[in-house]
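Novice: Turn this into a model:
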Amino acid sequence: GIIRYAEKLDKYYKNLLDEKNLTYELVAEFSHVLLMHRDCPLAQKEEICAEDLTDYIVVAHADPHMQGLPLTKIVDFMSVSDNAPRHIYTVERASQLEVLANNPNTFMWASSTPAHILERYNLVQKPFVTDNMYKDMLIYRKGYKLSALDRRFITELCEARRRYIKD
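Specialist: Numbering: from 1, shown residues only. You can find the predicted model right below:
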């Protein structure tokens with residue numbers, strides 16, 4: 001499997017994975033970008049700061065399944081800290097993209113998005129300077145021997161990342 005988490009939770013997740021007898025390998029490390037409709041007023045700004053977000057609606061993934069964390073901590077880690085007072089929570093990416101595509105007053109924290117997705121939904125991504133980093137980790141049972149298919153998957157994953165994702 002592949003899991004994504006905020007780097008500030010690295011120790012927590014590595015301890016949990018060790019406890020569950022899982023091996024983990026870093027696939028990617030990144031900071032979020034802001035994803036928004038190309039007609040969003042934020043899209044015209046050269047540099048976006050937290051104060052610029054107050055009039056906009058955050059589209060976020062509602063994932064209450066962060067094992068072992070109390071609800072108060074889950075809310076803290078559901079999205080990057082922002083100044084936007086309003087949120088729309090969805091449970092899958094296609095709905096998030098549709099909301100962004102149909103409402104220029106929304107934005108989303110995201111990992112870098114491939115150009116063909118941006119074009120399809122009339123979106124742009126803008127950098128946002130932050131110290132918050134995220135990790136994608138490949139996980140599997142300790143002692144598991146990767147099959148040829150597993151190794152091919154990992155190779156394709158790395159090639160797709162190089163092809164579509166700009167660091």
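
Novice: So for stretch 46-65, what gets flagged as buried?
Specialist: By neighbour count, with 16 or more other CB atoms under 10 Å as the criterion, the buried positions of stretch 46-65 are 48, 52-53, 56-61. C-beta here means a position set from N, CA and C on the backbone, and glycine is covered the same way.

Novice: In terms of helices and strands, where is Glu119?
Specialist: Applying DSSP states H and E as the criterion places Glu119 in helix 115-120.

Novice: how far is that helix from where the chain is centred?
Specialist: Averaging C-alpha coordinates over helix 115-120 and over its chain gives two centres that are 17 Å apart (CA atoms, centre = their mean, to the nearest Å).

Novice: For it, the averaged confidence score.
Specialist: Across helix 115-120, the average pLDDT comes to 94.

Novice: And the next helix or strand past it?
Specialist: Scanning onward from helix 115-120 (DSSP H and E), the first element met is strand 123-127.

Novice: And the contacts of the very next helix or strand once past that following strand?
Specialist: Downstream of strand 123-127, the next assigned helix or strand under DSSP H and E is strand 134-141. When contacts are defined by CB atoms under 8 Å, 6 or more residues apart in numbering, strand 134-141 is touched by residues 1-7, 10, 13, 17, 21-32, 111, 146, 150, 154, 157.

Novice: Okay, and which of the residues you listed map to strands?
Specialist: Using DSSP state E, the members of the contacts of strand 134-141 that fall within strands are 2-6, 22-30.
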